[in-house]
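> turn this into a structure:
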Amino acid sequence: MTKAYRPSLHMTPDQGWMNDPNGLVYFNGYFHQFYQYYPHDTVWGPMHWGHKISQDLIHWQELEPALYPDESGMCFSGSAIVDWENTSGLFETDKPGLLAFYTSFIQPKVVLADGREIEDPIQQQSLAYSQDGLVWHKYQDGAPIIPARGNPDFRDPKVIWHQASQAWVMVVSCGQHIEFYRSTNLLDWQLVSEFGYRHGAHSKGPWECPDLFELPIEGSDDSRWILVVGIGEGAHCGGAGTQYFVGQFDGTTFINQNHPEDVLWLDFGRDYYATQSFSDVPAEDDRRIVSTWMSNHQYSLELPTEAFRSAMAMPRELFLFESEVGLRVGQRFVGELDTALTIDTSEQLEQEQAISLYSSQSVAKLSFSVALESEQQLRLNLFDDNALSFVFSVSSLEQNQNKNQNQGQGLQVRSIRRGQFGSDRLDTHYPHDYSVNLPTSAEFNVELLIDNGSVELLNNGGEFSFTNLAFPSQTNTSCVISVDHGALNISQLQQFSLAKECRK
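Numbers count the residues shown, from 1 in each chain. Here you go, the predicted structure:
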C-alpha cells in the first residue's frame, strides 16, 4: 500500500496537521494562504495560523507560522484584507499593510458549587496586522475587537469592503446563524443584522467558515450576492459539507432569494469543507478564487498519511449560471493548472464499449464528452482496485416548486468509495455509496483531476463538482470508462500528465 499519499499538485503542510484555509489574500505579487495548523503532530492541537505563499496558485512555499497560540488563546479561523489607505491607523501612512481577523479561543475551567470542574469555552474576534505580510503582531496583545457574545460557537470572521454602502462588513458564524457587523475604521464594529434561522441545512453542530461576495451572472449584466456557510455534520452524503445561498445584500442585510428550505451544495463530494475566497485579487484578474479543506470531520484525524495530514483542494474559480432550476454556483479549476500539465493523448472516440487509460504517474487529468442513452449507465472505475467509482444515469428531476413545473429529466451521479485501513472510525465512515440528482442533461462533459490521495470531478464545465479523498492500495493511476450495454459514445477525449518541471 502507498502509505505516504503525499500529493504532487495539491497544497499540504510540510509536516503536521492542517485544516481550514484562513486569511486568503493577494499582496505584493503573492497569493498568501494561511490555514489552521498544528506543527507538532498530525492530529488537531493548539491552533496556529500556518502560512504559504505562491505566485501561480500551484507551487507553494511554506513560511514560518503567522500566528501562535498564547495567553490570549488559540488562533482559530478568519480572513485577511489589504488595508490600502491605512484605515486602521496601524501602518505607515504611505504604505498598505495586511490585517488578519481571527477568532481567539480560550477554554478556562469553571468550578461548580458541587466541586466539579467544567470547561467554559470563550470565542471572540481578534485582529493581527503586518506591514509586509511576513512579520505579524497581535493588536493590543490579542485583546478582542468583538468580545464573546455568550454563544460558545462564535467564530470565523470574514471581512469584506462593501462598495455601495462605503463600509467594511464582517460576517461571523454564531451557533446556527450568521451575524453581520459594520465598521468604518476596521477596529470598532456594530452588529447590524442576522441570517440563517430556518434557512438552509442545520445540524447539531454550529455553522462555520462563512464567506460573502458578489458574482456576475454568466451571459448577463446582472449579479447576485453569494453567502457560503459550512455545516460540520449532517451534509447531503454524511459528515461535513459546504452550502451556499443566492440573494441580495445591501451592506446590512442578506436576503435569500430561494425558498428557506432549499439547500444548495457547493460540492457534492465527501471532502469539501470550509471554502474561503481570496481577497484583493487585482481588478484586471477579476476572478473569485477559492481554496477548500479537502477532508471530512468524520475521519479527518485518522487518514492514512505520514508526516502530514490534510490537503487543500485544487484552487478553483467560482461562477454563477442559470440552471434548469434557478441560479447555481459552479467551479472551474484555475487556469494556472494548465501550465503544470502536458497533454498525452487527444482522440475522437465513438462507438466503443470500454476504454482503459493508464498513467505511470500519481497525477493525471482526463476530460471527455459523452452522450448517454436513456437506459444506459456510464461507469468510471478509478485505480486498479476500483478504490473510487462514479456511475452516471438519466434520472427524473424534481423541478423547483416555486417555478411550478413538472418533473423533468436530469442526471443521476452515484459515488462509490472503497477502502479498509485498520482503524474503526476510518473504516466505518470513509467508505460510501450515495447518489445525487443534478439538473443537467444526458449529454455532458467530465473533467477528472487525479492526484495522490484525491480525485476531483467537474461535470459540465464545472457546473457541478465532486471532491473525494481516495487512498488506493497501489500507485498506478488508471481509469476504465464503460457502459453497461450499447455503445460508449464519447468524444473529445484528452489525457494530461504532470509537466516535467512540476514533478517533485
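
> over to residue 140. Which of the three states is it?
For residue 140, the secondary-structure state derived from DSSP: H, G, I helix; E, B strand; the rest coil is helix.

> ok, now which ones touch it?
Contact criterion Cβ atoms under 8 Å, 6 or more residues apart in numbering gives no residues in contact with residue 140. Bear in mind the C-beta positions are built from the backbone N, C-alpha and C, glycine included.

> how far away is it from residue 82?
For residue 140, the distance to residue 82 under the criterion Cβ to Cβ, to the nearest Å works out to 21 Å.

> with residue 216 instead?
From residue 216 over to residue 82 the distance is 22 Å, taken as Cβ to Cβ.

> so which helix or strand takes in residue 7?
Assignment of secondary structure by DSSP states H and E places residue 7 within no helix or strand.

> what sits against the residue lying closest to it once chain neighbours are set aside?
The spatial neighbour of residue 7 that comes closest, neighbours along the chain excluded (Cβ to Cβ, 6 or more residues apart in numbering), is residue 451 at 4.5 Å. Remark: with contacts taken as Cβ under 8 Å, 6+ apart, residue 451 is in contact with 7, 8, 9, 10, 314, 362, 363.

> now residue 72
104, 106, 126, 138, 141, 142, 143.

> try residue 335
Applying Cβ under 8 Å, 6+ apart, the residues contacting residue 335 are residue 317.

> can you pull the phi/psi pair for it?
phi -60, psi -20 (degrees, to the nearest 10).

> are any of the contacts of residue 451 buried, and if so which?
By neighbour count, with 16 or more other Cβ atoms under 10 Å, the contacts of residue 451 hold 7, 9, 10, 314, 362, 363 as buried.

> ok so, going back, so which of residue 216 and residue 82 has more stuff around it?
Using other Cβ atoms under 10 Å, the more surrounded residue of residue 216 and residue 82 is residue 82, with 17 against 14.

> where exactly do the helices run in the chain?
When assigned using DSSP state H, the helices of the chain occupy the ranges 424-429.

> domain parsing of it, as residue ranges.
Partitioning the chain according to automatic domain parsing yields domains covering residues 16-333, 341-502.

> pick the most deeply packed of those.
Using mean count of other Cβ atoms under 10 Å, the stretch among these with the greatest mean number of neighbours is domain 16-333 (a mean of 19).

> between the two ends of that one, how far is it?
Taking Cα to Cα, to the nearest Å, domain 16-333 runs 27 Å from one end to the other.

> would you map the strands across the stretch 401-504 of the chain?
Using DSSP state E, counting those that start in this stretch, the strands of the stretch 401-504 of the chain run over residues 408-417, 432-438, 443-451, 454-459, 464-469, 477-483, 490-498.

> err, the stretch 51-200 of the chain, not the other one
Listed in chain order, the strands of the stretch 51-200 of the chain (DSSP E, counting those that start in this stretch) span 61-67, 74-83, 97-106, 109-111, 117-119, 122-130, 137-138, 154-162, 167-174, 177-183, 190-195.

> what lies in contact with the last one?
The contact list for strand 190-195 (Cβ under 8 Å, 6+ apart) reads 174, 177-183, 227, 252-254, 256.

> quick check: the farthest pair among those?
For the contacts of strand 190-195, with distances taken as Cβ to Cβ, the pair at the greatest spread is 183 and 256 (24.2 Å).

> report pLDDT for residue 502.
Residue-level confidence at residue 502 comes out at 67, pLDDT.

> ignore the last one, residue 156
Reported pLDDT at residue 156 in the predicted model: 98.

> ok, it - contacts?
Contacts for residue 156 (Cβ under 8 Å, 6+ apart) come out as 20, 76, 77, 78, 103, 172, 173, 208, 209, 210.

> ok, the closest residue to it other than its chain neighbours - contacts?
The shortest distance from residue 156 to any residue other than its chain neighbours is 4.4 Å, reached at residue 77 (Cβ to Cβ, 6+ apart). When contacts are counted by Cβ under 8 Å, 6+ apart, residue 77 touches 20, 22, 36, 102, 103, 155, 156, 208, 209, 274.

> how far away is residue 414 from residue 437?
Taken as Cβ to Cβ, the spacing of residue 414 relative to residue 437 amounts to 10 Å.

> coming back round to it: and the gap between the residue nearest to residue 7 and residue 444?
Distance check for residue 451 against residue 444: by Cβ to Cβ, it reads 23 Å.

> can I get the contacts of residue 451 in TSV including pLDDT?
As requested, the contacts of residue 451 are arranged in TSV below (pLDDT from 0 to 100):
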residue	pLDDT
7	94
8	92
9	94
10	96
314	98
362	83
363	90
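
> before we move on, the earlier item: closest to residue 308 among the contacts of residue 72?
Sorting those by distance to residue 308 puts residue 104 at the head of the list, at 25.8 Å, by Cβ to Cβ.

> how about the closest one, what does it touch?
So, once contact is read as Cβ under 8 Å, 6+ apart, residue 104 ends up touching 72, 73, 74, 75, 76, 123, 124, 125, 126, 142, 144.

> what helices or strands is the longest strand belonging to the chain leaning on?
Of all the elements of type strand in the chain, the one with the most residues (DSSP state E) is strand 16-27. Taking 3 or more Cβ pairs under 8 Å, 6 or more residues apart in numbering; DSSP states H and E as contact, the helices and strands that strand 16-27 lies on are strand 30-38, strand 48-54, strand 74-83, strand 97-106, strand 273-277, strand 289-293, strand 308-309.

> how about a cut-off of 7 Å?
The criterion is 3 or more Cβ pairs under 7 Å, 6 or more residues apart in numbering; DSSP states H and E, and the helices and strands that strand 16-27 contacts are strand 30-38, strand 48-54, strand 74-83, strand 97-106, strand 273-277, strand 289-293.

> and the gap between the spatially most central residue of the chain and residue 315?
Nearest to the geometric centre of the chain sits residue 292, at 2.6 Å (Cα atoms, centre = their mean). Counting by Cβ to Cβ, the gap between residue 292 and residue 315 amounts to 9 Å.
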